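**Student:** okay, here's the prediction I keep looking at, along with the sequence it came from:
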Amino acid sequence: MGKDQHPTRSGHAAPAIHTRRQWLRITGGLGLGAAALAAVPEVRLFAQQVQEFIEGPPVPDIRPEQLSRHVWMIYAKDGFPTQENQGMMANVLFAITDKGVVVMDSGSSLQIGEMAIRMIRTVTDKPVVAVINSHYHGDHWLGNHAFVNAYGNDLPIYALAHTMEQIKGHEGNLWRSLMERWTNQATMGTKVVAPNRVVEHGQVLDFGNVQIRLHHYGKAHTPSDLCMEVVQDRLTYVGDVAMENRIANMDDGSYPGTFKYYEALQKAAGDQLWVPGHGHGSKGLLDSYGTFMKGIWEPCVQAVKDGVPLDGAKELVLKDPRVASRAAGMAGFESNIGKYTSLAYLEAEREAF
């Protein structure tokens, strides 16, 4: 094999084309415009094969942290995707059980999933026997691709029905494309691999010495947030229902729904180590993040009641001590607080009328 070739995953040699930009330079050098290329079936087929072959670089190893007797975490220090972090923005958790390893959220890309598999193998030689996806935002499930590559297409990947539908539909390819753009194509080669097993609220997945109880209490961060309680460890992975020090995406969510979710989850699970998809866990996570969220929501509710316009509501939110105390140190605060205050205000208007 020459220096200008390297093996594909199937072991066959392929041209050393690593980025879409290189592909465009090659086709551009042939003097072919986009319309001409689209009209040639052989070129279309070759382009598809190249697209499937091109992959971003490996993700550097991140050593797992043991959180409890059975649960480990591969920690993502960054809350948002960049070229530098290659999309490593969401935690990957895994539980080691008698029946094998259970992964709770698989990461943002093929490469991150591959890194997670390498790291799991530093802790145990047991195979991965299941993956559970918390919701349909791609930073939590695009790594599914790596796990089916390693453990087969029949590997159980569990999710709520709505999450599965969204990934199979518009959200799947949208998130794959967004992650490529946000990371300057570092996640190239990742395919959409949707969950293949539907689960429901209250269901318990039995892995011998470890049971995982599944919780869903309506619309919070999204309409289908699944929380995973590792019963024996008194640890619950909450996905993006709560975050340690990052302002959450609420585009698909609900503020009052989030507070109802917290109340129901705490009542059902009791005292837990609550572990988020972004940040470190703590026993007080739901209370601390809920306090911050109420600092956005409650001023907006009052503003709507008093007839204060949106701009005035934003001023009230920024002055609220529950928000002001987090402003300096919270990731993404400056760029997101205005948007998510607007979403709170609009939801407060709907609630009022």
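**Tutor:** Perfect, thanks for sending it. Since we're looking at a predicted model, the values are computed, not measured.

**Student:** enumerate every residue touching Ala159.
**Tutor:** Contacts of Ala159 were listed using CB atoms under 8 Å, 6 or more residues apart in numbering, and they are 132-133, 135-136, 141, 167, 195, 197-199, 224, 226. The C-beta positions use only the backbone N, C-alpha and C, and glycine is treated the same way.

**Student:** can you list contacts of stretch 64-71?
**Tutor:** Stretch 64-71 is touched from outside by 72-75, 93-97, 119-120, 122-123, 209-210, 230, 232-235, 237, 273, 275, 281, with contacts defined as CB under 8 Å, 6+ apart.

**Student:** name the residues of it that come out as buried.
**Tutor:** 64, 67-68, 70-71 (16 or more other CB atoms under 10 Å).

**Student:** equivalent analysis for stretch 331-346, please.
**Tutor:** For stretch 331-346, the neighbour count (16+ other CB under 10 Å) marks 331-333, 336-337, 340-341, 343-345 as buried.

**Student:** for stretch 125-133, same thing?
**Tutor:** Taking 16+ other CB under 10 Å as the neighbour-count basis, stretch 125-133 is seen to contain the buried residues 128, 130-133.

**Student:** what packs against the lengthiest helix in the chain?
**Tutor:** Using DSSP state H to define each element, the chain has its longest helix at helix 285-306. The contact analysis (3 or more CB pairs under 8 Å, 6 or more residues apart in numbering; DSSP states H and E) places helix 285-306 against helix 255-269, strand 273-276, helix 310-319, helix 321-327, helix 333-352.

**Student:** strands of the protein, start to end?
**Tutor:** 5-7, 13-15, 65-66, 71-74, 92-97, 100-104, 128-132, 157-160, 197-199, 204-206, 211-215, 227-230, 235-239, 273-276 (DSSP state E).

**Student:** Ile120 contacts Val128, correct?
**Tutor:** Yes: if you go by CB atoms under 8 Å, Ile120 and Val128 touch, sitting 6.8 Å apart.

**Student:** now the common contact residues for the two.
**Tutor:** Among the neighbours of Ile120, those also in contact with Val128 (CB under 8 Å, 6+ apart) are 94, 101, 103.

**Student:** can you report phi and psi for Asp105?
**Tutor:** Here the main-chain torsion angles of Asp105 (degrees, to the nearest 10) amount to phi 70, psi 130.

**Student:** now the one 3 residues further on
**Tutor:** Phi and psi for Ser108, reported as degrees, to the nearest 10, are phi -100, psi 0.

**Student:** who's in contact with it?
**Tutor:** 81, 87-90, 138-140, 142-143, 179, 187.

**Student:** one more: Val102?
**Tutor:** Contact partners of Val102, counting by CB under 8 Å, 6+ apart, are 94-95, 128-132, 205, 207, 210, 212.

**Student:** likewise for Gly202?
**Tutor:** Residues near Gly202 by CB under 8 Å, 6+ apart: 213-215.

**Student:** of all these, which comes closest to Leu155?
**Tutor:** Sorting the contacts of Gly202 by distance to Leu155 puts Leu214 at the head of the list, at 18.0 Å, by CB to CB.

**Student:** burial measure for Gly270, as a count.
**Tutor:** Other residues within reach of Gly270, judged by other CB atoms under 10 Å, total 10.

**Student:** need the pLDDT of the closest residue to it other than its chain neighbours.
**Tutor:** Here the nearest residue to Gly270 in space, its sequence neighbours aside, is Arg234; by CB to CB, 6 or more residues apart in numbering that works out to 7.8 Å. The per-residue pLDDT reported for Arg234 equals 98.

**Student:** again with Ala352
**Tutor:** Looking at Ala352, its pLDDT is 89.
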